[in-house]
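Student: When you get a sec, could you give me coordinates for this:
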Amino acid sequence: MTPFGQRVRDHRARRGITLAEMAAVLGVTPAYLSALEHGKRGRPTFTLIQGVIHVLGVIWDEADELVRLADLSHPRVTVDTAGLDPEATLLANRLAREIGELEVQDLHRLAAVLDAAAARRSGPA
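Tutor: Numbers count the residues shown, from 1 in each chain. Alright, predicted model coming up:
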């Protein structure tokens with residue numbers, strides 16, 4: 001399941017909207033919407049994201065978060081390490097091969113490392 005798909009599913013459940021009901025309003029099939037939630041489809045279009053936001057009735061921060069998550073929810077990622085240190089290529093290949101074996105805590109620790117690197121790049125606030 002993608003981050004976007006998980007968030008959409010959580011919102012649907014809280015609002016009592018079925019997959020079939022939401023799909024009908026969006027003009028897509030329930031199978032397509034299910035595949036999108038489960039990461040078996042690529043990133044949703046901006047128009048579909050806006051439709052989801054409307055159907056779910058989310059506003060402001062939550063709508064922005066859905067747009068952000070949709071952008072980060074492509075289930076098949078390509079990492080271009082051309083021109084980078086060989087360690088970057090090694091890490092990218094290991095991650096691609098081993099990500100399925102990582103536990104959620106491991107993923108959180110890796111994300112924290114990336115967050116710390118981003119904070120160093122952006123400098124002091």
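Student: if I pick the residue positioned nearest the centre of the chain, what's in contact with it?
Tutor: Central residue of the chain (Cα atoms, centre = their mean): S73, 2.7 Å from the mean position. With contact set as Cβ atoms under 8 Å, 6 or more residues apart in numbering, S73 has these partners: 2-5, 39, 43-44. Backbone N, C-alpha and C define where each C-beta goes, glycine included.
Student: count of neighbours near L66?
Tutor: Counted by other Cβ atoms under 10 Å, the residues lying close to L66 total 23.
Student: That should have said H38, apologies.
Tutor: H38 - counted by other Cβ under 10 Å - has 14 other residues nearby.
Student: So what does it look like in phi/psi?
Tutor: Main-chain torsions, H38, degrees, to the nearest 10: phi -90, psi 10.
Student: how close does it sit to L84?
Tutor: H38 sits 32 Å away from L84, going by Cβ to Cβ, to the nearest Å.
Student: what does R15 give?
Tutor: Using Cβ to Cβ, R15 is found at 44 Å from L84.
Student: With just CA atoms, put the longest helix anywhere in the chain into CSV.
Tutor: In the chain, with assignment by DSSP state H, the single longest helix is helix 104-122. Presented in CSV, the C-alpha positions along helix 104-122 are these (Å, rounded to 0.1, in the frame of the first residue of the first chain):
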residue,chain,number,x,y,z
VAL,A,104,9.0,-0.6,10.2
GLN,A,105,11.4,0.6,12.9
ASP,A,106,14.3,0.3,10.4
LEU,A,107,12.4,2.4,7.9
HIS,A,108,11.7,5.1,10.5
ARG,A,109,15.5,5.2,11.3
LEU,A,110,16.4,5.5,7.7
ALA,A,111,13.9,8.3,7.2
ALA,A,112,15.3,10.0,10.3
VAL,A,113,18.8,9.9,8.6
LEU,A,114,17.4,11.5,5.5
ASP,A,115,15.5,14.1,7.5
ALA,A,116,18.8,15.0,9.3
ALA,A,117,20.6,15.3,6.0
ALA,A,118,17.9,17.6,4.7
ALA,A,119,18.1,19.8,7.8
ARG,A,120,21.8,20.1,7.4
ARG,A,121,21.4,21.2,3.7
SER,A,122,18.8,23.8,4.6
